[in-house]
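>>> Got a predicted structure here, sequence first:
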Amino acid sequence: MSTTSEKLQKVLARAGLGSRREMEAAIADGRVRVNGEVATLGDRIEMRDKVTFDNRPVTLRGAEEVPRRVIMYNKPEGELCTRKDPEGRRTVFERLPRLKGERWIAIGRLDINTSGLLLFTTDGELANRLMHPSTQVEREYAVRVMGEVSRENVVAMVEGVMLDDGPARFTDVQEFGGEGINTWFHVVIMEGRNREVRRLWESQGLTVSRLKRVRYGNIFLDKRAKAGEWTELTQDEIDDLAELAGLPTRKVPDLTPDEKNRWSRDKNKRKPVQAMRKPRPRGRG
């Protein structure tokens with residue numbers, strides 16, 4: 001086997017067609033061909049191979065050729081982390097700036113009832129490394145909990161509890177204020193399993209009434225992006241993410257004049273979300 005070959009899904013993700021998981025699903029569905037033959041999971045390819053995706057030719061690129069952009073998005077509750085929803089519900093991808101020849105790849109997901117920090121990148125390898133459990137990237141959440149939280153509850157969640165899909169634990173739990181049955185905590189977790197934060201609290205007989213991600217690795221949600229808005233990360237921030245992922249740093253390409261205009265128009269069209277609030281009834285008189 002050639003030492004220059006790479007896994008097909010890795011090369012497709014690098015080409016900006018989606019995440020590795022999405023590309024694995026596309027290969028399994030028979031949507032990818034290599035040199036005219038339907039590809040199968042486990043195939044490896046070289047840069048000289050001819051690849052098509054949904055019958056369209058794919059431009060293959062080496063890792064060093066992929067532009068590395070990263071944006072931070074402040075997800076409101078009620079949006080889905082999927083490209084399209086059969087039920088027509090709003091998705092996070094509808095609000096992102098448009099790209100030509102590339103796609104935004106989500107670094108992790110948040111469920112429909114969770115708000116806060118989402119990162120998107122054009123670099124599939126960066127996304128894959130930051131999501132992989134072996135990288136051990138911290139995710140911090142602000143959690144409002146219904147119920148009386150005892151010290152025993154906190155100790156149990158830090159030491160670890162057994163969930164349906166295996167053991168889970170918080171690496172840190174800090175109380176952040178509030179009173180009675182609605183107390184806020186900040187918790188840190190090292191994985192991105194489905195509803196893991198909620199399920200850890202539920203294991204103690206407690207209910208999460210609000211959940212917001214406030215940090216992913218070294219990136220904190222800040223005032224640059226209000227709910228429903230995005231902002232592009234700085235070169236230093238992206239370099240820190242690359243270092244966290246064990247990847248070499250790479251200069252973020254400057255936006256072309258066309259991209260600047262398009263991104264500016266997209267940003268102006270995507271105002272902060274206010275639709276989740278019910279209109280106030282009009283007073284009499």
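Yes, it's here. Here the structure is a predicted model, which is why all the values come from computation and not from measurement.
>>> In what element of secondary structure is residue 263 found?
Using DSSP states H and E, residue 263 sits within helix 257-269.
>>> Could you pull out the buried residues of that helix?
Burial within helix 257-269, assessed by neighbour count using 16 or more other Cβ atoms under 10 Å, is assigned to 259, 262-263. C-betas here are computed from N, CA, C, even on glycine.
>>> in the longest strand seen in the chain, what's buried?
Secondary structure assigned by DSSP state E gives strand 207-216 as the longest strand of the chain. Within strand 207-216, the residues that qualify as buried by neighbour count (16+ other Cβ under 10 Å) are 208, 211-216.
>>> what do you get for stretch 25-37?
Counting neighbours by 16+ other Cβ under 10 Å, one finds that the buried residues in stretch 25-37 are 26-27, 31-34.
>>> Looking at the residues you listed, which one is closest to residue 82?
Checking the buried residues of stretch 25-37 against residue 82 by Cβ to Cβ gives residue 26 as the nearest, at 14.8 Å.
>>> State the pLDDT value of the closest one.
Taken from the predicted model, the pLDDT recorded for residue 26 is 95.
>>> Compute the distance between it and residue 59, please.
Relative to residue 59, residue 26 is positioned 16 Å away (Cβ to Cβ, to the nearest Å).
>>> Can you classify residue 167 as helix, strand or coil?
Classification of residue 167 into helix, strand or coil gives strand, according to DSSP: H, G, I helix; E, B strand; the rest coil.
>>> what's the closest non-adjacent residue to it?
Taking Cβ to Cβ, 6 or more residues apart in numbering, and ignoring the residues beside it in sequence, residue 167 has residue 160 as its nearest neighbour in space, at 5.2 Å.
>>> count of neighbours near that neighbour?
The number of residues packed near residue 160 is 12, by other Cβ atoms under 10 Å.
>>> bridging residues for residue 185?
On the basis of DSSP bridges, residue 185 takes part in beta bridges with residue 143, residue 175.
>>> doesn't residue 170 make contact with it?
No - between residue 185 and residue 170 no contact is recorded; they are 9.3 Å apart, counting by Cβ atoms under 8 Å.
>>> Of those two, give the one with the bigger neighbour count.
When neighbours are counted by other Cβ under 10 Å, residue 170 comes out ahead of the other of residue 185 and residue 170, with 25 against 22.
>>> packing partners for the longest strand of the chain?
strand 115-121, strand 139-146, helix 196-202 (3 or more Cβ pairs under 8 Å, 6 or more residues apart in numbering; DSSP states H and E).
>>> Distance from whichever helix or strand comes after that strand to the middle of the chain?
Secondary structure here is assigned by DSSP H and E; on that basis, the next helix or strand after strand 207-216 toward the C-terminus is strand 219-220. Between the mean C-alpha point of strand 219-220 and the mean C-alpha point of its chain there is a distance of 13 Å (Cα atoms, centre = their mean, to the nearest Å).
>>> cool, and stretch 42-55?
Relative to the mean C-alpha coordinate of its chain, stretch 42-55 is positioned 26 Å out (Cα atoms, centre = their mean).
>>> secondary structure class for residue 248?
Quick answer, by three-state DSSP: residue 248 is coil.
>>> what number of residues lie near it?
9.
>>> Do you know the pLDDT at the closest residue to it other than its chain neighbours?
Leaving aside its chain neighbours, residue 248 sits nearest to residue 242 (6.9 Å; criterion: Cβ to Cβ, 6+ apart). Listed pLDDT for residue 242 reads 95.
>>> and residue 242, what does it touch?
Under the criterion of Cβ atoms under 8 Å, 6 or more residues apart in numbering, the neighbours of residue 242 are 68, 126, 248-250.
>>> Can you list phi and psi of it for me?
phi -60, psi -40 (degrees, to the nearest 10).
>>> In the stretch 1-150 of the chain, what residue spans correspond to helices?
Per DSSP state H, counting those that start in this stretch, the stretch 1-150 of the chain carries helices over the ranges 8-14, 20-28, 124-131.
>>> In JSON lines, list these along with distance to residue 45.
Supplementary listing: the helices of the stretch 1-150 of the chain in JSON lines, determined by distance: least, Cβ to Cβ, whole Å:
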{"stretch": "helix 8-14", "distance to residue 45": "5"}
{"stretch": "helix 20-28", "distance to residue 45": "11"}
{"stretch": "helix 124-131", "distance to residue 45": "15"}
